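**Q** sequence first, then the predicted structure:
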Amino acid sequence: MHFEFNVEGGNFSKAGTASSQLKKILKQLNVDPKVIKRVVVALYEAEVNIVAHAFNGIIYIDIDTEKIEIKLIDEGPGIADIELAMQQGYSTASPEVREMGFGAGMGLPNIKNNTDELKVTSEVGKGTTVEMITYLSS
Amino acid sequence: MKLREVVKLLNAKVVSGEALLDSEVEYVFASDLMSDVLTIETDNLLLITGLANLQTIRTAEMSDISKIIFARKKKATDEMIRLAAENDMILIECDYSMFKTSGILFQSGLKPVY
């Protein structure tokens, strides 16, 4: 199964709608609630990252009997030092993002904890791609 | 403890999801940082927060949290109430500070997550 969602940078009122949709889909597919929570928490953090930092992005989701594969591709400033961005507590978020309850440098570490495989690639001035895989049975 | 009792102890007001008043609460987590809330794995959690915006409700949705107390006189907006209703959540508004809210519930036997 394949799904695609558009994410608008800066639009906090819509942040989380893709994650919400995925949650409903996974529930319908009778996926283990613990797996659902891991997947949607990771996707939600990544979705908020696009809203917080990028101009726009597309989320591609592929679900098969073994795994859930999610790819988020955004157009935005990119990440200069991915290793630094992965560190808990490091953040470049704006005050607006912090007012939304994020921007404490926990997004990427949270994503890492909730996925089985994570790959972040980025080009400064162009955008960032986040690929995450979660297996349905551990 | 039943949520009904929590509301009474806090002299609080239910603004959405009254149907959940008879559900049981055991564990509570208090935070304004949604990324922290997203790290909690405990089921059937009651969240105390001073952050009242749409992302609070979204975070609760992703974390399977259906019970939220807004402390420090924070109010839920119509949009938040709508989204909460869609997800079968109860929203409670409380005038006490987060410390006082947490203190009363802790003293009454509700448990911390860690």
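**A** Here it is on my side, so go on.
**Q** do you know how far the spatially most distant residue from the centre of chain A is from residue A:136?
**A** Computed with C-alpha atoms, centre = their mean, the residue of chain A farthest from its C-alpha average is residue A:30, at 21.9 Å. For residue A:30, the distance to residue A:136 equals 11 Å [C-beta to C-beta, to the nearest Å]. All C-beta atoms are positioned from the backbone trio N, CA, C, and that covers glycine.
**Q** again, but for residue A:59
**A** Between residue A:59 and residue A:136 the computed distance is 19 Å (C-beta to C-beta).
**Q** likewise for residue A:14?
**A** 28 Å.
**Q** cool, residue A:74 as well?
**A** The value you get for residue A:74 to residue A:136, if C-beta to C-beta is used, is 26 Å.
**Q** ok, now residue A:116?
**A** Counting by C-beta to C-beta, the gap from residue A:116 to residue A:136 is 10 Å.
**Q** what about those two, which has more around it?
**A** Just comparing residue A:116 and residue A:136: by other C-beta atoms under 10 Å in any protein chain shown the higher neighbour count belongs to residue A:136, 16 against 13.
**Q** what parts of chain A come near chain B?
**A** By C-beta under 8 Å from any C-beta of the partner chain, the part of chain A that sits against chain B consists of A:12-13, A:15-16, A:19-20, A:23, A:33, A:37, A:40-41, A:44-45, A:48, A:99-102, A:104, A:106-107, A:110, A:113.
**Q** cross those against helices and list the overlap.
**A** Among the residues of chain A next to chain B, DSSP state H puts A:19-20, A:23, A:33, A:37, A:40-41, A:44-45, A:48, A:99, A:107, A:110, A:113 in helices.
**Q** which ones are touching the nearest residue to residue A:92 once chain neighbours are set aside?
**A** Spatial nearest neighbour of residue A:92, excluding adjacent residues (C-beta to C-beta, 6 or more residues apart in numbering or on different chains): residue A:53 at 7.5 Å. Counting by C-beta atoms under 8 Å, 6 or more residues apart in numbering or on different chains, residue A:53 touches A:9, A:74, A:76, A:77, A:92, A:93, A:128.
**Q** which of those residues sits closest to residue B:22?
**A** residue A:93 (39.7 Å; C-beta to C-beta).
**Q** what distance do you get for that closest one to residue A:6?
**A** Residue A:93 is 22 Å from residue A:6, by C-beta to C-beta.
**Q** with neighbour numbers in mind, choose between those two.
**A** The residue with more neighbours, out of residue A:93 and residue A:6, is residue A:93; 18 against 12, by other C-beta under 10 Å.
**Q** which non-adjacent residue is nearest residue B:25?
**A** Distances taken as C-beta to C-beta, 6+ apart place residue B:46 nearest to residue B:25, at 4.7 Å, with adjacent residues excluded.
**Q** burial measure for the one you found, as a count.
**A** Counted by other C-beta under 10 Å, the residues lying close to residue B:46 total 23.
**Q** quickly list what it is bridged to.
**A** residue B:28, residue B:67 (DSSP bridges).
**Q** show me what contacts it?
**A** Taking C-beta under 8 Å, 6+ apart, we find residue B:46 in contact with B:3, B:6, B:25, B:27, B:28, B:29, B:65, B:67, B:68, B:69, B:105, B:110.
**Q** I am finished for the moment; much appreciated.
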